[in-house]
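K.L.:
Using only what follows, build the 3D model:
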Amino acid sequence: MVSPRKPSRLRALLHGCVALGILMAAVAVIVIVAPGMDPTKFGYIIGFSGILLLVVTFLVSYFIQHVRFSMKNK
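P.N.:
Residues are numbered from 1 along each chain as shown. Sure, this is the predicted structure:
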């Protein structure tokens, strides 16, 4: 019988970063698109930092999977 995998803290951290990045990008879209709000600086800073957080998170996730795969094949 196979025991279920224990969720790792790293995976939970990566999922949290992805969720935070998506939330930041959504807030930025609302701030930039909403009429009557001044999108200067605030919306753009949140939007770009959210997108940057997503990109960095996916790169770290890809790197970790690549390292695990190469270690498994040795």
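
K.L.:
So what's the residue count around Lys72?
P.N.:
7 (other Cβ atoms under 10 Å). For the C-beta atoms, the positions are set from N, CA and C on the backbone; glycine is no exception.

K.L.:
mind checking how far it is from Leu14?
P.N.:
Here the criterion is Cβ to Cβ, to the nearest Å. By it, Lys72 lies 19 Å from Leu14.

K.L.:
do the same with Val60
P.N.:
Going from Val60 to Leu14 by Cβ to Cβ gives 7 Å.

K.L.:
what's the answer for Leu52, then?
P.N.:
15 Å.

K.L.:
where do the helices sit along the protein?
P.N.:
9-33, 42-72 (DSSP state H).

K.L.:
Now stretch 12-21 - C-alpha only, CSV.
P.N.:
Extracted C-alpha coordinates of stretch 12-21, given in CSV (Å, rounded to 0.1, in the frame of the first residue of the first chain):
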residue,chain,number,x,y,z
ALA,A,12,3.4,25.2,-0.2
LEU,A,13,5.7,28.3,-0.4
LEU,A,14,5.7,28.2,-4.2
HIS,A,15,1.9,27.8,-4.4
GLY,A,16,1.6,30.8,-2.0
CYS,A,17,3.9,32.9,-4.2
VAL,A,18,1.8,32.0,-7.3
ALA,A,19,-1.4,32.9,-5.5
LEU,A,20,0.1,36.2,-4.2
GLY,A,21,1.4,37.1,-7.7
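
K.L.:
Buried ones in that stretch, by neighbour count?
P.N.:
Applying a neighbour-count criterion of 16 or more other Cβ atoms under 10 Å, the buried positions in stretch 12-21 are Leu14, Cys17, Gly21.
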